[in-house]
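*Asks:* need a 3D model of the following:
(chains A, B, C and D)
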There are 4 protein chains.
Amino acid sequence: MPLLDSDAKGVFVISVTPFADDGAIDFDSLDRAIDFYFDKGADGITILGMMGEAPKLTLAESREVAARAIARAGDRPVIVGCSAPGLAAIGELGKASMDLGAAGIMVAPPGTLRTDGQIVGYYHDVARVLGDGAPIVLQDFPLATNVHFAPEVIGRIVADVPELVMLKHEDWPGLAKITAIRDAESRGQRRISILCGNGGIFLPEELARGADGAMTGFGYPEMMVAVTALVAQGDLARAQDLFDAYLPLVRYEQQPGVGLAVRKHVLAKRGVIAAPTIRRPGRGLSAAAREEVDRLVSRQARRLDAIG
Amino acid sequence: MPLLDSDAKGVFVISVTPFADDGAIDFDSLDRAIDFYFDKGADGITILGMMGEAPKLTLAESREVAARAIARAGDRPVIVGCSAPGLAAIGELGKASMDLGAAGIMVAPPGTLRTDGQIVGYYHDVARVLGDGAPIVLQDFPLATNVHFAPEVIGRIVADVPELVMLKHEDWPGLAKITAIRDAESRGQRRISILCGNGGIFLPEELARGADGAMTGFGYPEMMVAVTALVAQGDLARAQDLFDAYLPLVRYEQQPGVGLAVRKHVLAKRGVIAAPTIRRPGRGLSAAAREEVDRLVSRQARRLDAIG
Amino acid sequence: MPLLDSDAKGVFVISVTPFADDGAIDFDSLDRAIDFYFDKGADGITILGMMGEAPKLTLAESREVAARAIARAGDRPVIVGCSAPGLAAIGELGKASMDLGAAGIMVAPPGTLRTDGQIVGYYHDVARVLGDGAPIVLQDFPLATNVHFAPEVIGRIVADVPELVMLKHEDWPGLAKITAIRDAESRGQRRISILCGNGGIFLPEELARGADGAMTGFGYPEMMVAVTALVAQGDLARAQDLFDAYLPLVRYEQQPGVGLAVRKHVLAKRGVIAAPTIRRPGRGLSAAAREEVDRLVSRQARRLDAIG
Amino acid sequence: MPLLDSDAKGVFVISVTPFADDGAIDFDSLDRAIDFYFDKGADGITILGMMGEAPKLTLAESREVAARAIARAGDRPVIVGCSAPGLAAIGELGKASMDLGAAGIMVAPPGTLRTDGQIVGYYHDVARVLGDGAPIVLQDFPLATNVHFAPEVIGRIVADVPELVMLKHEDWPGLAKITAIRDAESRGQRRISILCGNGGIFLPEELARGADGAMTGFGYPEMMVAVTALVAQGDLARAQDLFDAYLPLVRYEQQPGVGLAVRKHVLAKRGVIAAPTIRRPGRGLSAAAREEVDRLVSRQARRLDAIG
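*Replies:* Sure, this is the predicted structure:
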């Protein structure tokens, strides 16, 4: 599998990790999910992210998921999330993943980092512990990590750590940050790929600001694929029309915590995964929430019909 | 002015505090804003909330704003936000506000509270320091305060503090909490009013779950008024159609920090306030953001036309 | 009263705010406390710090305390703590204090600051809102504020904000920071005064690293005065002997939260303040804690006798 | 090896994990450290705690350390720290450790827990994932975890989770919590063992309040052994005399972050471990800090001579 580089663009879907009702990993559903993401137009996938329930897997399971997903993806790129409180665990899973054929490693910072210097130093350490030039995706998600990256800090990491090839951008608000990074690049900073998260809830604006695509797991990845393509073609109006049709569900799925249960419910409803099971201590959707989601899905279908 | 009670329902708009270009409070714009909110159908207003830039006002200014807004609102209810790190400051502004004719006092918890018992104790202290049975609105906004209220903790405060009449609900996710509170009430817990915040981004679902209305400051309060009325009439489909037309802007305005600049830009654009000035250290919208908002507003107008 | 400048050294005692049993400010005890601090050799005092229960005072009360303390101190310097979540409140109390004759204003950062740039920007804003060249003391206390100042960030503020004349140093661990600042000064950075907090628990080492003295409120300020003088005379061994005699109590008083009750108990026991009352929601010492403190005080007296 | 139960008392030393200069685990030094702890009178040891640099070890290394330490300890109890952000990892290392002969498993809560109910639920989950009645030690260390346990919450876990046999108590301040737990036990709550951490800095008072001993890693474990024994014999005065002689170093070693480097420096100086190496991203002591520690150690020796 080719390594990720800073020219990456398009949609990398954050894959769920499917579980059977008893909590065991459902590898058949994982295969189907990976096929589904690529069938819907994904350019790559990312496994073992926060929404892949990575912290609920043992190291042995994480390796199995990585092996299975990478094998199934064939020659298409798979990024492996390896965030952990300690560098050793990042190195342990990261090296194993690269050996299995991963395209790159995604790392969010531990919540203990505070000063700009600590943040920059951390990505030096990550590059060192991964070694061998493994491509790094920096996940910038302050809502979850409580670590805040000023654009200049991203610039310092770009300058210092050649392995950094991509930003998974999910600061909130983050539009100004995309502009700031692209402006710095226009003044000579090394260009990196920027793929956006947050369930895609700002995708049209993010793309118009210069992002290269999306990296998130919304249950209808075809929306992200189509919106990304339309903006690339210069048709922002049509991109927004399409986006708006999905927005009520995007919004609902973006809720922290419960959002994953929404996503799995949608994927199960679509026949992608066998069961919407969340591993403990997570919980599935309440009956009231299921009704709300089903209603949003029905309304979405009607609206998509209406806009043609 | 009558005091707020637990039967309150409808829309209480979180009022902006308008500033002139030099940062002085623009009281004429404040008058116009209050008139505008009520013209658009508000049932009450809330001043000096987080989005009212309360921490940027001196105590003297806060009193002036309260006096002016309460006078302008006439016999319609005005809630005054009095959150502060110390109880003395809450008492100082709270008592002054009640003397001026406020309908109630809104208090979010300080971020230092951790255990359930500390949270319950805090609202005991707030009631004591306000005194005289001043009605209390509990602002439950973990994203901003980092204090998390379990539904049972709200139940304990309801049981212990009779002055608590309303929950400004903006947990995220929060739909299950509305259901939990209403369920507890069906089992005998004293009923309180629940008005929802978060820019209204879950308003249809919140109302369907049992909320009594909205308390937030979206630049088109007529959306909140209409959606609340439609759900009250049982027309959830029409409520959602209307809501969905506004949702792209609701989403954009809900961004932390920058959202207030969006709101003020919209209100200035609509002729409500003279200038979109944010007091320092806040910042106004960038040119790119203004274009995005203006585009969303144009699209919103077309879509409202389309749905009639 | 002369203004604080970067040559300040010695001991600035963080003054308690004494309350009567009913919670009213006890101004006679405040007078006695100020006299006591200066009688024990203090070079200045700091009022309305965190341990002065500042957030529990109304603005009106804060002004009264400042007026009384400044009058009582006469020509000796009084620093007024003005930390608040909003700049307006800092300006309101800060300007009033300077008008009353304060020597300088101490400001800790709000917990919302995250990036280095935000921190530097904040002290620009503080200087602007205080105006008129009011001397600023930066309180660096991450345990309480959750804001972390890298030494370079302090350097940037020193370079940008000429009003900054003093660091109240209470990072933990913080010894390396003193060394880093003094090293930067030896390479040309403008020198500021560094007075150390944290109840004095690292005072001998801090002074040996280049600190100019202490700014904290340990109930036996004579220890801080003597230790500072001894280190200045080059007698570190004697300074440590003396320090060690007080250390068991220093350690006990440094406990967050309960420490203030210890301090007030000691000051009441010493006849300085009439009552050890803590304003709500704080609490006084339990009987068990009082016994522990009294025991430590007795042991301390015996040990001081022993070392002569 | 016998399982830990709620009658455990005395001193369980938090073991360092020794590293060679190149960062490899130094198993010979680990053997020596374990021998040293028991030679100095420890009743048990705890490995892979925060001060055991656990997050810097791979899972494979953690297992090796556990195997080696448990084998070396023979029939004396070894507790294994298994804190991790995800339950699966806790189960993975926890089960492996119990299979290797661990006496119990220590788990601190993840920083994401907020409400009392979430905290209680978490320890249910921990017991479930460890299974087989593995004894659990709850590490209550808010300074590091930002999770605050009210005494009643500990009581709820004690009532619900029979596997909980011990509290590693390091709240700060925490003396009142010991009293509250012992009081609840006197009213019928199931008794658990309480061993205290925080480098031992409140050990005499903690023991006098009802703690059963210490679980921390101060470089002179003989102090903790002697103080615990003296208090058990009712000789608090002698216990405090001894404690006070060590207090200046206890204080210095208790500094967050740098404290571990102090501890390893002391252990290397004492010939216990070959090198004071800290694994990256940690750092060793600066020359200035080494001098400070060496000076404190010299003074400590003189003072111990003096008190006989």
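
*Asks:* now do the same contact list for the closest residue to chain C within the stretch 201-308 of chain A.
*Replies:* Closest residue of the stretch 201-308 of chain A to chain C, C-beta to the nearest C-beta: A:Pro256 (19.1 Å). To be clear about C-beta, it is placed using only N, CA and C from the backbone, and glycine gets the same treatment. Counting by C-beta atoms under 8 Å, 6 or more residues apart in numbering or on different chains, A:Pro256 touches A:Leu143, A:Ala144, B:Trp172, B:Pro173.

*Asks:* ok, now which ones touch A:Glu205?
*Replies:* Applying C-beta under 8 Å, 6+ apart, the residues near A:Glu205 are A:Leu175, B:Tyr252, B:Glu292.

*Asks:* nearest to C:Pro110 among those?
*Replies:* Taking C-beta to C-beta as the measure, A:Leu175 is the one of the contacts of A:Glu205 closest to C:Pro110, at 24.5 Å.

*Asks:* who does A:Lys10 form a beta bridge with?
*Replies:* Just to correct that, residue A:10 is Gly rather than Lys. A:Gly213 (DSSP bridges).

*Asks:* circling back: in terms of helices and strands, where is the residue of the stretch 201-308 of chain A closest to chain C?
*Replies:* Secondary structure assigned from DSSP states H and E places A:Pro256 in neither a helix nor a strand.

*Asks:* with A:Ile105 instead?
*Replies:* Using DSSP H and E, A:Ile105 falls in strand A:104-107.

*Asks:* could I have the CA atoms of that strand written out in CSV?
*Replies:* C-alpha atoms of strand A:104-107 as CSV (Å, rounded to 0.1, in the frame of the first residue of the first chain):
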residue,chain,number,x,y,z
GLY,A,104,-0.1,6.5,7.9
ILE,A,105,-0.7,6.9,11.6
MET,A,106,-3.1,9.4,13.2
VAL,A,107,-2.2,10.9,16.6
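
*Asks:* returning to what we had before: closest one to A:Phe202 out of the contacts of A:Glu205, please.
*Replies:* For these, the nearest to A:Phe202 is A:Leu175 (6.6 Å; C-beta to C-beta).

*Asks:* wait, that closest one sits on B:Arg290?
*Replies:* No - A:Leu175 is beyond contact range of B:Arg290, at 11.9 Å (criterion: C-beta atoms under 8 Å).

*Asks:* if you count what's nearby, which of these two comes out ahead?
*Replies:* Legend: neighbour count by other C-beta atoms under 10 Å in any protein chain shown for A:Leu175 and B:Arg290, higher for A:Leu175 (25 against 16).

*Asks:* could you report the neighbour count for A:Gly271?
*Replies:* 9.

*Asks:* which ones among the contacts of A:Pro256 map onto helices?
*Replies:* A:Leu143, A:Ala144 (DSSP state H).

*Asks:* I'd like the contacts of A:Pro256 written out as TSV, with distance to chain C, pLDDT and neighbour count added.
*Replies:* Below are these laid out as TSV (distance: C-beta to the nearest C-beta, whole Å; pLDDT from 0 to 100; neighbours: other C-beta atoms under 10 Å in any protein chain shown):
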residue	distance to chain C	pLDDT	neighbour count
A:Leu143	12	94	13
A:Ala144	14	94	15
B:Trp172	18	95	20
B:Pro173	23	94	16
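
*Asks:* out of the contacts of A:Pro256, which comes closest to A:Gly210?
*Replies:* For these, the nearest to A:Gly210 is A:Leu143 (21.9 Å; C-beta to C-beta).

*Asks:* ok, and what's touching the strand holding A:Ile105?
*Replies:* With C-beta under 8 Å, 6+ apart as the criterion, strand A:104-107 contacts A:3-4, A:46, A:49, A:77, A:79-83, A:90, A:94, A:97-98, A:123, A:126, A:130, A:134-139, A:165-166, A:168.

*Asks:* what is the subsequent helix or strand relative to that strand?
*Replies:* Assigned by DSSP H and E, the successor of strand A:104-107 is helix A:116-130.

*Asks:* near chain C, which residues of chain A show up?
*Replies:* A:Arg114, A:Thr115, A:Asp116, A:Gly117, A:Gln118, A:Pro142, A:His148, A:Phe149, A:Ala150, A:Glu152, A:Val153 (C-beta under 8 Å from any C-beta of the partner chain).

*Asks:* distance-wise, check the nearest residue to the second one once chain neighbours are set aside relative to chain D.
*Replies:* Translated: A:Thr115. Closest residue to A:Thr115 apart from its sequence neighbours, by C-beta to C-beta, 6 or more residues apart in numbering or on different chains: C:Ala150 at 4.1 Å. Note on C:Ala150: its distance to chain D, by C-beta to the nearest C-beta, to the nearest Å, is 14 Å.

*Asks:* residues contacting C:Ala150?
*Replies:* A:Thr115, A:Asp116, A:Gly117, A:Gln118, C:Asp116.

*Asks:* farthest pair in the residues you listed?
*Replies:* Most distant of those, by C-beta to C-beta, are A:Gln118 and C:Asp116, 10.1 Å apart.

*Asks:* could you tell me which residues of the stretch 1-150 of chain A lie near chain D?
*Replies:* Counting by C-beta under 8 Å from any C-beta, the stretch 1-150 of chain A sits next to chain D at A:54-61, A:84-89, A:91-92, A:111, A:121-122, A:125, A:128.

*Asks:* neighbours of whichever residue of the stretch 201-308 of chain A sits closest to chain B, how many?
*Replies:* Across the stretch 201-308 of chain A, the shortest distance to chain B (C-beta to the nearest C-beta) belongs to A:Gln255, at 3.9 Å. Residues lying near A:Gln255 (other C-beta under 10 Å) number 19.

*Asks:* wait, it sits on A:Leu249?
*Replies:* No - A:Gln255 is beyond contact range of A:Leu249, at 11.3 Å (criterion: C-beta under 8 Å).

*Asks:* just give the closest residue to A:Arg290, not the sequence neighbours.
*Replies:* Here the residue nearest A:Arg290, using C-beta to C-beta, 6+ apart, is A:His265, at 6.4 Å.

*Asks:* nothing else from me, thank you.
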